[in-house]
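[1] Predicted model and sequence follow; I will ask about them next.
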Amino acid sequence: LVSVETHEPLAHWSPALGAALTSSVIRSHHRLAELSEFADDRLPALLDRHPREKLQAYAPGASGVSDWPAVDLGAADGAALLDAVSLGTLWLNVIDVDAFDEQARALQARLFDEIARVVPDLLPGTMGSTLLISSPGASVPFHLDPEPNVLWQLQGRKRIYMYPAANDAFVTRETREDLFAGYAREFADYESDFDEAALIEEVAAGDLIAWPQNGPHRIVNLEGMNVTLSTIFQTRRSRRRRRVYCANRFLNRSLHLPARSTAEHGLASTMKVGAFGAARRLGLARPGTPPAISAELRLDASGQIEPLTTPIQAEFV
Ligand SMILES: [Fe+2]
(Lines give C-alpha, C1' and ligand atoms only; values in the text may rest on other atoms or scores of the structure.)
Protein backbone atom coordinates (compact mmCIF):
# COMPACT_ATOMS: atom_id res chain seq x y z
CA LEU A 1 0.00 0.00 0.00
CA VAL A 2 1.27 3.45 -0.85
CA SER A 3 0.70 6.71 0.92
CA VAL A 4 -1.62 9.46 -0.28
CA GLU A 5 1.39 11.80 -0.20
CA THR A 6 2.57 10.58 -3.60
CA HIS A 7 2.12 13.20 -6.25
CA GLU A 8 0.87 11.17 -9.15
CA PRO A 9 -2.74 11.92 -10.05
CA LEU A 10 -5.30 9.75 -8.26
CA ALA A 11 -7.61 9.54 -11.25
CA HIS A 12 -7.55 9.96 -14.97
CA TRP A 13 -9.44 13.15 -15.89
CA SER A 14 -9.33 14.97 -19.22
CA PRO A 15 -10.98 18.13 -20.53
CA ALA A 16 -13.48 15.93 -22.41
CA LEU A 17 -14.42 14.00 -19.26
CA GLY A 18 -14.64 17.26 -17.31
CA ALA A 19 -16.93 18.80 -19.92
CA ALA A 20 -19.23 15.76 -19.84
CA LEU A 21 -19.27 15.34 -16.04
CA THR A 22 -22.74 16.13 -14.59
CA SER A 23 -24.46 15.99 -17.99
CA SER A 24 -23.51 12.56 -19.41
CA VAL A 25 -22.58 9.11 -18.25
CA ILE A 26 -18.81 9.04 -17.94
CA ARG A 27 -16.36 6.33 -16.94
CA SER A 28 -12.71 6.54 -16.03
CA HIS A 29 -10.04 4.96 -13.83
CA HIS A 30 -8.57 5.78 -10.44
CA ARG A 31 -6.02 4.31 -8.07
CA LEU A 32 -7.77 4.81 -4.72
CA ALA A 33 -7.94 1.07 -4.21
CA GLU A 34 -4.11 1.01 -4.03
CA LEU A 35 -4.14 3.46 -1.12
CA SER A 36 -4.50 2.70 2.57
CA GLU A 37 -7.33 5.17 3.34
CA PHE A 38 -10.20 2.74 2.90
CA ALA A 39 -8.28 -0.53 3.12
CA ASP A 40 -9.94 -3.37 5.07
CA ASP A 41 -7.73 -2.96 8.13
CA ARG A 42 -8.80 0.68 8.62
CA LEU A 43 -12.54 0.08 8.34
CA PRO A 44 -13.38 -1.30 11.83
CA ALA A 45 -11.86 1.71 13.65
CA LEU A 46 -13.29 4.12 11.09
CA LEU A 47 -16.77 2.70 11.78
CA ASP A 48 -16.20 2.79 15.56
CA ARG A 49 -15.35 6.49 15.43
CA HIS A 50 -18.17 7.45 13.09
CA PRO A 51 -21.27 8.95 14.77
CA ARG A 52 -24.28 6.67 14.57
CA GLU A 53 -26.59 9.42 13.39
CA LYS A 54 -24.43 9.55 10.25
CA LEU A 55 -24.30 5.79 9.71
CA GLN A 56 -27.21 4.64 7.61
CA ALA A 57 -27.95 0.92 7.63
CA TYR A 58 -30.36 -0.88 5.33
CA ALA A 59 -31.17 -4.50 4.61
CA PRO A 60 -32.11 -4.52 0.92
CA GLY A 61 -34.76 -7.18 0.32
CA ALA A 62 -33.66 -10.15 -1.72
CA SER A 63 -36.93 -9.90 -3.60
CA GLY A 64 -36.62 -6.72 -5.06
CA VAL A 65 -35.69 -3.48 -6.35
CA SER A 66 -37.81 -1.17 -4.25
CA ASP A 67 -37.40 -2.62 -0.79
CA TRP A 68 -34.95 -0.66 1.43
CA PRO A 69 -35.80 -1.33 5.09
CA ALA A 70 -33.73 0.49 7.71
CA VAL A 71 -31.83 -1.51 10.33
CA ASP A 72 -31.14 -0.59 13.93
CA LEU A 73 -27.49 -1.49 14.57
CA GLY A 74 -27.76 -1.83 18.35
CA ALA A 75 -24.41 -2.16 20.08
CA ALA A 76 -22.51 -3.74 17.18
CA ASP A 77 -18.97 -2.40 16.86
CA GLY A 78 -17.12 -1.81 13.59
CA ALA A 79 -15.75 -5.34 13.35
CA ALA A 80 -19.20 -6.84 13.99
CA LEU A 81 -20.72 -4.56 11.35
CA LEU A 82 -18.16 -5.69 8.78
CA ASP A 83 -18.89 -9.34 9.65
CA ALA A 84 -22.60 -8.69 9.17
CA VAL A 85 -21.89 -7.05 5.80
CA SER A 86 -19.74 -9.91 4.56
CA LEU A 87 -22.10 -12.66 5.79
CA GLY A 88 -25.57 -11.18 5.43
CA THR A 89 -27.40 -8.62 3.37
CA LEU A 90 -26.59 -5.23 4.77
CA TRP A 91 -25.88 -1.87 3.18
CA LEU A 92 -24.00 0.79 5.19
CA ASN A 93 -23.74 4.43 4.11
CA VAL A 94 -20.97 6.09 6.10
CA ILE A 95 -22.29 9.62 5.53
CA ASP A 96 -19.84 12.55 5.62
CA VAL A 97 -16.86 10.27 6.16
CA ASP A 98 -14.65 13.26 5.30
CA ALA A 99 -15.97 15.15 8.34
CA PHE A 100 -14.95 12.44 10.80
CA ASP A 101 -11.86 10.84 9.29
CA GLU A 102 -8.79 12.96 8.62
CA GLN A 103 -7.39 10.65 5.97
CA ALA A 104 -10.69 10.67 4.10
CA ARG A 105 -10.72 14.46 4.28
CA ALA A 106 -7.20 14.75 2.84
CA LEU A 107 -8.03 12.30 0.09
CA GLN A 108 -11.21 14.19 -0.79
CA ALA A 109 -9.25 17.44 -1.06
CA ARG A 110 -6.96 15.83 -3.62
CA LEU A 111 -9.87 14.39 -5.59
CA PHE A 112 -11.49 17.83 -5.62
CA ASP A 113 -8.30 19.51 -6.88
CA GLU A 114 -7.99 17.03 -9.71
CA ILE A 115 -11.60 17.46 -10.81
CA ALA A 116 -11.37 21.26 -10.47
CA ARG A 117 -8.63 21.26 -13.10
CA VAL A 118 -11.10 20.03 -15.74
CA VAL A 119 -14.35 21.46 -14.31
CA PRO A 120 -13.73 25.22 -14.05
CA ASP A 121 -17.04 26.02 -12.29
CA LEU A 122 -16.62 23.42 -9.54
CA LEU A 123 -17.50 25.22 -6.30
CA PRO A 124 -14.95 25.01 -3.48
CA GLY A 125 -16.26 23.70 -0.17
CA THR A 126 -19.15 21.79 -1.74
CA MET A 127 -17.59 18.34 -1.88
CA GLY A 128 -18.73 15.63 0.52
CA SER A 129 -17.92 11.94 0.75
CA THR A 130 -19.94 8.91 1.74
CA LEU A 131 -18.31 5.50 2.04
CA LEU A 132 -20.64 2.70 0.95
CA ILE A 133 -19.90 -0.70 2.50
CA SER A 134 -22.28 -3.35 1.27
CA SER A 135 -22.89 -7.09 1.11
CA PRO A 136 -22.21 -9.18 -2.00
CA GLY A 137 -25.96 -9.64 -2.63
CA ALA A 138 -27.13 -6.16 -1.66
CA SER A 139 -28.79 -3.59 -3.88
CA VAL A 140 -29.98 0.01 -3.81
CA PRO A 141 -33.48 0.78 -5.11
CA PHE A 142 -34.40 3.24 -7.84
CA HIS A 143 -33.67 6.77 -6.63
CA LEU A 144 -32.13 10.08 -7.62
CA ASP A 145 -29.75 12.43 -5.85
CA PRO A 146 -30.10 16.22 -5.96
CA GLU A 147 -26.42 16.98 -6.49
CA PRO A 148 -23.95 15.57 -9.02
CA ASN A 149 -21.80 12.72 -7.75
CA VAL A 150 -18.96 10.44 -8.76
CA LEU A 151 -18.79 6.81 -7.66
CA TRP A 152 -15.31 5.40 -7.06
CA GLN A 153 -15.28 1.61 -6.83
CA LEU A 154 -12.68 0.32 -4.35
CA GLN A 155 -13.60 -3.30 -3.81
CA GLY A 156 -16.08 -5.81 -5.25
CA ARG A 157 -18.16 -5.49 -8.38
CA LYS A 158 -21.52 -3.82 -8.96
CA ARG A 159 -23.95 -3.13 -11.78
CA ILE A 160 -25.51 0.30 -12.18
CA TYR A 161 -28.78 0.92 -14.01
CA MET A 162 -29.02 4.55 -15.14
CA TYR A 163 -32.29 6.06 -16.40
CA PRO A 164 -32.98 9.27 -18.32
CA ALA A 165 -32.56 12.43 -16.23
CA ALA A 166 -35.07 15.31 -16.14
CA ASN A 167 -37.71 13.12 -17.78
CA ASP A 168 -41.20 13.15 -16.25
CA ALA A 169 -41.91 9.63 -17.45
CA PHE A 170 -39.39 8.32 -14.92
CA VAL A 171 -39.55 10.84 -12.07
CA THR A 172 -42.09 13.65 -12.08
CA ARG A 173 -41.06 17.27 -11.95
CA GLU A 174 -42.92 17.66 -8.64
CA THR A 175 -40.86 14.84 -7.10
CA ARG A 176 -37.67 16.48 -8.33
CA GLU A 177 -38.80 19.78 -6.78
CA ASP A 178 -39.48 18.05 -3.44
CA LEU A 179 -36.07 16.44 -3.51
CA PHE A 180 -34.22 19.66 -4.32
CA ALA A 181 -36.12 21.62 -1.69
CA GLY A 182 -35.44 19.00 1.00
CA TYR A 183 -39.05 17.84 1.43
CA ALA A 184 -38.56 14.29 0.18
CA ARG A 185 -36.03 11.54 0.43
CA GLU A 186 -34.34 10.29 -2.69
CA PHE A 187 -36.47 7.25 -3.50
CA ALA A 188 -39.02 7.35 -6.30
CA ASP A 189 -41.57 4.93 -7.76
CA TYR A 190 -40.07 2.28 -9.98
CA GLU A 191 -41.58 0.18 -12.73
CA SER A 192 -39.71 -2.75 -14.21
CA ASP A 193 -40.25 -1.61 -17.80
CA PHE A 194 -38.12 1.47 -17.02
CA ASP A 195 -35.21 -0.93 -17.55
CA GLU A 196 -35.90 -0.92 -21.30
CA ALA A 197 -34.56 2.66 -21.31
CA ALA A 198 -31.69 2.07 -18.88
CA LEU A 199 -28.01 2.33 -19.62
CA ILE A 200 -26.35 -0.50 -17.73
CA GLU A 201 -22.70 -0.42 -16.68
CA GLU A 202 -20.57 -2.55 -14.37
CA VAL A 203 -17.74 -1.30 -12.20
CA ALA A 204 -14.87 -3.08 -10.43
CA ALA A 205 -12.00 -1.83 -8.26
CA GLY A 206 -10.25 1.05 -10.00
CA ASP A 207 -13.30 2.18 -12.00
CA LEU A 208 -15.12 5.44 -11.50
CA ILE A 209 -18.49 6.29 -12.97
CA ALA A 210 -20.78 9.31 -12.95
CA TRP A 211 -24.17 10.00 -14.53
CA PRO A 212 -26.11 13.16 -15.31
CA GLN A 213 -27.13 15.28 -12.30
CA ASN A 214 -30.49 13.98 -10.93
CA GLY A 215 -30.43 10.97 -13.24
CA PRO A 216 -32.41 8.18 -11.53
CA HIS A 217 -30.37 5.04 -10.93
CA ARG A 218 -30.31 1.77 -9.05
CA ILE A 219 -27.44 -0.48 -8.08
CA VAL A 220 -27.04 -4.24 -7.78
CA ASN A 221 -23.93 -5.74 -6.23
CA LEU A 222 -22.58 -8.62 -8.27
CA GLU A 223 -19.61 -10.00 -6.41
CA GLY A 224 -17.69 -9.69 -3.16
CA MET A 225 -18.10 -7.27 -0.30
CA ASN A 226 -18.38 -3.89 -1.99
CA VAL A 227 -16.52 -0.81 -0.80
CA THR A 228 -17.31 2.31 -2.80
CA LEU A 229 -16.66 5.98 -2.28
CA SER A 230 -19.41 8.36 -3.37
CA THR A 231 -18.41 12.01 -3.68
CA ILE A 232 -20.98 14.76 -4.16
CA PHE A 233 -20.17 18.29 -5.24
CA GLN A 234 -21.74 21.39 -6.74
CA THR A 235 -20.83 23.33 -9.83
CA ARG A 236 -22.16 26.77 -10.64
CA ARG A 237 -24.53 24.99 -13.08
CA SER A 238 -25.78 22.39 -10.60
CA ARG A 239 -26.39 25.07 -7.98
CA ARG A 240 -28.38 27.06 -10.53
CA ARG A 241 -30.50 23.99 -11.29
CA ARG A 242 -31.26 23.51 -7.60
CA ARG A 243 -32.32 27.14 -7.30
CA VAL A 244 -34.60 26.90 -10.35
CA TYR A 245 -36.37 23.82 -8.95
CA CYS A 246 -36.67 25.37 -5.48
CA ALA A 247 -38.04 28.58 -7.00
CA ASN A 248 -40.59 26.62 -9.05
CA ARG A 249 -41.74 24.71 -6.01
CA PHE A 250 -42.17 27.90 -4.00
CA LEU A 251 -44.05 29.69 -6.79
CA ASN A 252 -46.28 26.70 -7.57
CA ARG A 253 -47.14 25.55 -4.12
CA SER A 254 -46.81 28.53 -1.81
CA LEU A 255 -47.90 31.29 -4.16
CA HIS A 256 -50.04 29.16 -6.55
CA LEU A 257 -48.37 30.75 -9.57
CA PRO A 258 -47.68 28.56 -12.59
CA ALA A 259 -43.93 27.99 -12.83
CA ARG A 260 -43.02 24.94 -14.83
CA SER A 261 -40.02 25.95 -16.87
CA THR A 262 -36.81 24.32 -15.73
CA ALA A 263 -34.75 26.61 -18.02
CA GLU A 264 -31.50 27.54 -16.31
CA HIS A 265 -30.68 30.52 -18.54
CA GLY A 266 -32.50 33.64 -19.65
CA LEU A 267 -34.21 36.58 -18.06
CA ALA A 268 -37.29 34.72 -16.78
CA SER A 269 -35.12 32.11 -15.06
CA THR A 270 -32.89 34.78 -13.53
CA MET A 271 -35.85 36.81 -12.23
CA LYS A 272 -37.49 33.71 -10.77
CA VAL A 273 -34.31 32.64 -8.98
CA GLY A 274 -33.77 36.20 -7.74
CA ALA A 275 -37.31 36.40 -6.34
CA PHE A 276 -36.92 33.06 -4.64
CA GLY A 277 -33.59 34.15 -3.10
CA ALA A 278 -35.30 37.24 -1.69
CA ALA A 279 -38.17 35.14 -0.30
CA ARG A 280 -35.63 32.86 1.40
CA ARG A 281 -33.81 35.80 2.94
CA LEU A 282 -37.11 37.15 4.26
CA GLY A 283 -37.93 33.77 5.80
CA LEU A 284 -40.91 33.21 3.49
CA ALA A 285 -39.47 30.07 1.88
CA ARG A 286 -37.91 27.66 4.32
CA PRO A 287 -35.95 24.56 3.41
CA GLY A 288 -37.91 21.39 4.10
CA THR A 289 -37.15 18.57 6.48
CA PRO A 290 -37.35 15.13 4.93
CA PRO A 291 -39.59 12.58 6.69
CA ALA A 292 -38.00 10.62 9.57
CA ILE A 293 -36.91 7.04 8.92
CA SER A 294 -38.21 4.21 11.08
CA ALA A 295 -36.29 0.98 11.54
CA GLU A 296 -38.28 -2.24 11.31
CA LEU A 297 -35.26 -4.49 11.58
CA ARG A 298 -32.37 -4.80 13.98
CA LEU A 299 -28.95 -6.37 13.97
CA ASP A 300 -28.82 -8.73 16.95
CA ALA A 301 -25.74 -9.70 18.99
CA SER A 302 -25.16 -12.80 16.82
CA GLY A 303 -25.01 -10.73 13.63
CA GLN A 304 -28.45 -11.75 12.36
CA ILE A 305 -30.93 -9.22 11.02
CA GLU A 306 -34.26 -9.75 12.79
CA PRO A 307 -37.63 -8.00 12.60
CA LEU A 308 -38.43 -5.65 15.49
CA THR A 309 -41.81 -6.25 17.11
CA THR A 310 -42.46 -2.50 17.11
CA PRO A 311 -40.72 -0.19 14.62
CA ILE A 312 -38.49 2.43 16.21
CA GLN A 313 -37.11 5.68 14.89
CA ALA A 314 -33.82 5.03 13.12
CA GLU A 315 -30.71 6.23 14.91
CA PHE A 316 -29.54 7.87 11.70
CA VAL A 317 -31.08 10.84 9.94
FE1 LIG B 1 -27.43 7.54 -5.64
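    Right, received. Where do you want to start?
[2] Show me where the stretch 101-250 of the chain has its strands.
    128-134, 139-143, 149-162, 199-203, 207-210, 217-232 (DSSP state E, counting those that start in this stretch).
[3] all helices of the chain, in order?
    Listed in chain order, the helices of the chain (DSSP state H) span 15-20, 43-49, 78-87, 97-100, 102-118, 173-180, 236-249, 267-281.
[4] Just the residues contacting the fourth one, thanks.
    Contacts of helix 97-100 with the rest of the structure, by CB atoms under 8 Å, 6 or more residues apart in numbering, involve 46, 49-51, 54, 104-105, 108, 127-131, 229. C-beta: built from backbone N, CA, C; applies to glycine.
[5] So of those residues, which two are at opposite extremes in space?
    49 and 127 (20.6 Å; CB to CB).
[6] More neighbours: which of the two?
    residue 127 (22 against 10; other CB atoms under 10 Å).
[7] Could you measure from the more buried one over to residue 105?
    Per CB to CB, to the nearest Å, residue 127 is found 10 Å from residue 105.
[8] again, but for residue 218
    In terms of CB to CB, residue 218 sits 29 Å off from residue 105.
[9] which one of these two has more residues nearby?
    Per other CB under 10 Å, whichever of residue 218 and residue 105 has more neighbours is residue 218, with 21 against 16.
[10] Okay, and the beta partners of that one?
    residue 161 (DSSP bridges).
[11] Check whether it really touches residue 142, as I assumed.
    Yes - if you go by CB atoms under 8 Å, residue 218 and residue 142 touch, sitting 4.6 Å apart.
[12] returning to that earlier point: need the helices of the chain in TSV with mean pLDDT and distance to residue 153, can you?
    What follows is the helices of the chain, written out as TSV (pLDDT from 0 to 100; distance: least, CB to CB, whole Å):
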stretch	mean pLDDT	distance to residue 153
helix 15-20	97	16
helix 43-49	97	16
helix 78-87	95	16
helix 97-100	97	16
helix 102-118	96	14
helix 173-180	87	25
helix 236-249	89	23
helix 267-281	86	36
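[13] wait, which of those is closest to residue 288?
    For the helices of the chain, the distance to residue 288 is smallest for helix 173-180, at 7.5 Å, taking CB to CB.
[14] and the closest one, which residues are buried?
    By 16 or more other CB atoms under 10 Å, the buried positions in helix 173-180 come out as 173, 175-180.
[15] which residues touch residue 213?
    22-23, 147-148, 165, 238, 241.
[16] Leaving aside the residues adjacent along the chain, what's closest to it?
    residue 148 (4.4 Å; CB to CB, 6 or more residues apart in numbering).
[17] now for the helices of the chain, which one comes closest to residue 159?
    Closest among the helices of the chain, using CB to CB: helix 78-87, at 18.4 Å.
[18] picking that back up, what's the distance between the residue nearest to residue 213 and residue 115?
    Taking CB to CB, one finds residue 148 at 10 Å from residue 115.
[19] So the nearest residue to residue 246 once chain neighbours are set aside versus residue 156, what's the distance?
    Of all residues not flanking residue 246 in the chain, residue 181 sits nearest, at 4.9 Å (CB to CB, 6+ apart). Distance of residue 181 to residue 156, given as CB to CB: 34 Å.
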